[in-house]
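Chemist: pasted the sequence and its predicted model underneath.
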Amino acid sequence: MPIVAGGGLYFPILGLTVLGIMLALMILGLFKGKHWCGNICPHGSLFDFALLRPSRFEKIPMFFRSPVLKWCFFAFFMAMFSYRLMWALGYLGEAEFAAHLGSVFVNQYLVWPTLVGMALALLINPRTWCTFCPMGTMQQIVNKLGKKLSLNRNTEEFVNISVPENCTQCGKCAKACPVQLIPYLNWENSQFKNESCIKCRTCTYSCPSKLLYMDTLTGKKAYRHEEIVKA
């Protein structure tokens, strides 16, 4: 992340690596939802580790979690990106085309997820940016396509609860959730299927009763989880 965001200011061609990141998260989103956000995203790692201690850890305001903000910001972000991309394409065929194209990605990468994301992480909560991140929204879009085409039935994992009636509703899963979702109040056939879930497994580790685990819609890991709990 610092190589692209910082180094890209001096070597704009580094910004072209963001193309690979966008392609990777879209492919992963097709099969595994927002798995990228909770397990691979460089900015997510920055928020979770480097900015964890200095963050104020406030409750994320509903304004940032609003679907209206998420989709409006996504439209704004893509419109701005498209405008800058068209500017870069004006240099197509010239020697500096790659540098101009790379600078488009560097500027987007530096200003929004890095600077804005860091400011929100410090002033509110580490994962505030993630509640309306356009790349996260893009993953949700391709994930819906994956569901329509039945591509992710055996690949996308959700938080599961093995014995719902044993849940004490202590709320520790909600307190541990980086994006402040509430699994224990939103089970659907013993699964938490909120599209905003970043698949980070943090809630499964926090459950004092060891009831939570990650599994697919087909429940391939349910038997294994029961064996672990018994042990």
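Modeler: All right, it came through fine. Treat the numbers as computed from the prediction; the structure is a model and nothing was measured.
Chemist: quick check: mean pLDDT across the top helix by length along the chain?
Modeler: Counting residues, the longest helix found in the chain (DSSP state H) is helix 67-89. Helix 67-89 carries an average pLDDT of 97.
Chemist: how far off centre is that helix?
Modeler: When distances are taken as CA atoms, centre = their mean, to the nearest Å, helix 67-89 is centred 18 Å away from the chain's centroid.
Chemist: what angle separates the next helix or strand after that helix from helix 67-89?
Modeler: For helix 67-89, the succeeding helix or strand toward the C-terminus, using DSSP states H and E, is helix 97-109. In terms of direction (axes from the mean of the first three to the mean of the last three CA atoms, to 10 degrees), helix 97-109 departs from helix 67-89 by 160 degrees.
Chemist: and helix 97-109, which residues are buried?
Modeler: Within helix 97-109, the residues that count as buried by 16 or more other CB atoms under 10 Å are A99, H100, L101, G102, S103, V104, F105, V106, N107, Q108, Y109. C-beta: built from backbone N, CA, C; applies to glycine.
Chemist: kindly indicate which of those lies nearest G90.
Modeler: H100 (8.3 Å; CB to CB).
Chemist: let me see the contact set for the closest one.
Modeler: P12, W87, A88, Y91 (CB atoms under 8 Å, 6 or more residues apart in numbering).
Chemist: the domain parsing of this structure - what is it?
Modeler: Domain assignment of the chain by automatic domain parsing yields the ranges 2-145, 156-230.
Chemist: does the residue positioned nearest the centre of the chain sit in a helix, a strand or a coil?
Modeler: Of all residues in the chain, the one closest to the mean position by CA atoms, centre = their mean is C37, 2.7 Å from it. Following DSSP: H, G, I helix; E, B strand; the rest coil, the label given to C37 is helix.
Chemist: tell me which helix or strand the closest residue to W71 other than its chain neighbours sits in.
Modeler: Spatial nearest neighbour of W71, excluding adjacent residues (CB to CB, 6 or more residues apart in numbering): T137 at 7.2 Å. Element membership of T137 [criterion: DSSP H and E] is helix 134-148.
Chemist: distance between stretch 181-192 and the chain's centre?
Modeler: 19 Å.
Chemist: got the phi and psi for V163?
Modeler: Taking degrees, to the nearest 10, you get phi -130, psi 90 for the backbone angles of V163.
Chemist: and the closest residue to it other than its chain neighbours, how many neighbours does it have?
Modeler: In this structure, V163 finds its nearest non-sequential neighbour in L211, 6.0 Å apart by CB to CB, 6+ apart. Neighbour count for L211, taken as other CB atoms under 10 Å: 20.
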